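> This is a predicted model, with the sequence first.
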Amino acid sequence: MSEPVSSLGTLILILIGILVTYYCRRNGFMVSQSLVFINFSVFATWWIMVLLKPSMAIQAFVSLGFQPMYLESPGFGLLTLISAMFMHGGPMHLLMNMLILILLGVPFEDRIGSRSFLRIYFISGIIGSLLMGLISVWNQAGDLETIHIGASGAVFGIMGGFVLLYPRDEIPMLLGPIFMHRVPVFLSTIVFVGMETLYIGMGTDDGIGHGTHMASFIAGVFLAPYYSVKDEKSEPQVNIDVEMLTNVFEKTKIGNYELQMIKESDEPELLDAWIEKFWEIQKCPECNQSLTPEAECLGCSKNFLN
């Protein structure tokens, strides 16, 4: 009777992932945002299984996690290299991975486009797990039935690509217990990679795949140059009169950061959001009233394009 329970739990989690993916695509979410929603949805469903039917939850966990022994006789088990990225061992494991993913992923996807982001995410995540699994099989080191799960390898791949292509970009980031509003990508990378290197050098055995993290990070570094140019056919072009916005800023002295983000953003949804924010904060320097998107003051009717 255990096999049907195993199959049912696995199928439920896969179905949830597919449905949430469809919902996110239908509603225009960025890939990075979609991945976060999918991971939270799968984990929430699995946690409900833990509470209601522990045996089903355990079997689904085992079925969807990657085990190095699958490399000894390649088959459908290799598909867990992908499914394992959506499985997490607990709330903190999930929260930390998703927090770093959203902080890194949104600005990086905005830079290189959704398709390139998706390729780097999955390929680097697969390479990290595959390489460490092959090492385990080759050396017969450790338990080949150890279950490898989590999105952290793929997240480190994104970090590797980001720091190679745009090291000076500033992003919000959690560095240990401290949340910093704007940190250069290269600085946050030094902190995370430095910690992983330290753990590996000390031979830390804490159940965390530090080797996988570093392997995926290196994979992201090598993959990034091949996917650094956006596929212009896949992204709608948005025509923005940046010169007009610049002229408005020079007169009101409001919205410098928003103007810079408008100039740098290529993702249509983000671009629209930054433009909306730019006009939302504009104030007439003479009467302190808001401006319309046509640069006309709602109070004194002065037009800032003249």
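That came through fine.

> Backbone dihedrals for residue 11, please?
Residue 11 has phi and psi values of phi -60, psi -40 when expressed as degrees, to the nearest 10.

> What's the per-residue pLDDT of it here?
The model reports residue 11 with a pLDDT of 92.

> And it, how close does it get to residue 281?
Applying Cβ to Cβ, to the nearest Å, the value for residue 11 to residue 281 is 49 Å. No exception for glycine: its C-beta is placed from N, CA and C like everyone else's.

> So, low pLDDT: which residues of the stretch 151-300 of the chain?
175-177, 206, 229-240, 265-270 (pLDDT under 70).

> if we go to 90?
168-189, 191-212, 225-300 (pLDDT under 90).

> quick one, helices of it?
For the stretch 151-300 of the chain, the helices defined by DSSP state H, counting those that start in this stretch occupy 152-165, 185-201, 210-223, 242-252, 256-264, 268-281.

> Packing partners of the first one?
It refers to helix 152-165. Applying 3 or more Cβ pairs under 8 Å, 6 or more residues apart in numbering; DSSP states H and E, one finds that helix 152-165 makes contact with helix 91-112, helix 114-139, helix 185-201, helix 210-223.

> ok so, going back, highest average neighbour count across the helices of the stretch 151-300 of the chain?
Sort the helices of the stretch 151-300 of the chain by mean neighbour count, taking mean count of other Cβ atoms under 10 Å, and helix 152-165 sits at the top with a mean of 27.

> Determine how far it lies from the middle of the whole chain.
Distance, stretch centre to chain centre, for helix 152-165: 9 Å (Cα atoms, centre = their mean, to the nearest Å).

> what angle sits between it and helix 185-201?
Relative orientation of helix 152-165 versus helix 185-201 (axes from the mean of the first three to the mean of the last three Cα atoms, to 10 degrees): 130 degrees.

> circling back to that earlier point, can you put the helices and strands packed on helix 152-165 in CSV and add distance to residue 242?
Converted to CSV, the helices and strands packed on helix 152-165 look like this (distance: least, Cβ to Cβ, whole Å):
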stretch, distance to residue 242
helix 91-112, 17
helix 114-139, 23
helix 185-201, 24
helix 210-223, 31
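
> between those, which one is nearest to residue 28?
helix 114-139 (10.7 Å; Cβ to Cβ).

> Identify each buried residue in that closest one, please.
By 16 or more other Cβ atoms under 10 Å, the buried positions in helix 114-139 come out as 114, 116-133, 136.

> so that helix versus helix 210-223, what angle?
With the same axes, to 10 degrees defining the directions, helix 114-139 sits at 130 degrees from helix 210-223.

> Packing partners of helix 114-139?
Judged by 3+ Cβ pairs under 8 Å, 6+ apart, the packing partners of helix 114-139 are helix 31-52, helix 80-83, helix 91-112, helix 152-165, helix 210-223.

> any idea of the mean pLDDT in the second one?
In this model, helix 80-83 carries a mean pLDDT of 93.

> just checking, what packs against that helix?
The contact analysis (3+ Cβ pairs under 8 Å, 6+ apart) places helix 80-83 against helix 54-64, helix 114-139.

> In JSON lines: those, plus distance to residue 89 and mean pLDDT.
As requested, these are exported to JSON lines (distance: least, Cβ to Cβ, whole Å; pLDDT from 0 to 100):
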{"stretch": "helix 54-64", "distance to residue 89": "8", "mean pLDDT": "91"}
{"stretch": "helix 114-139", "distance to residue 89": "15", "mean pLDDT": "89"}
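
> Ok, which of these comes nearest residue 299?
Nearest to residue 299, of all the helices and strands packed on helix 80-83, is helix 114-139, at 41.3 Å by Cβ to Cβ.

> Kindly calculate the angle that that closest one makes with helix 31-52.
Angle, helix 114-139 to helix 31-52, by the same axes, to 10 degrees: 50 degrees.

> Now do helix 114-139 and helix 91-112, the angle between them.
Orientation note: helix 114-139 sits at an angle of 130 degrees relative to helix 91-112 (the same axes, to 10 degrees).
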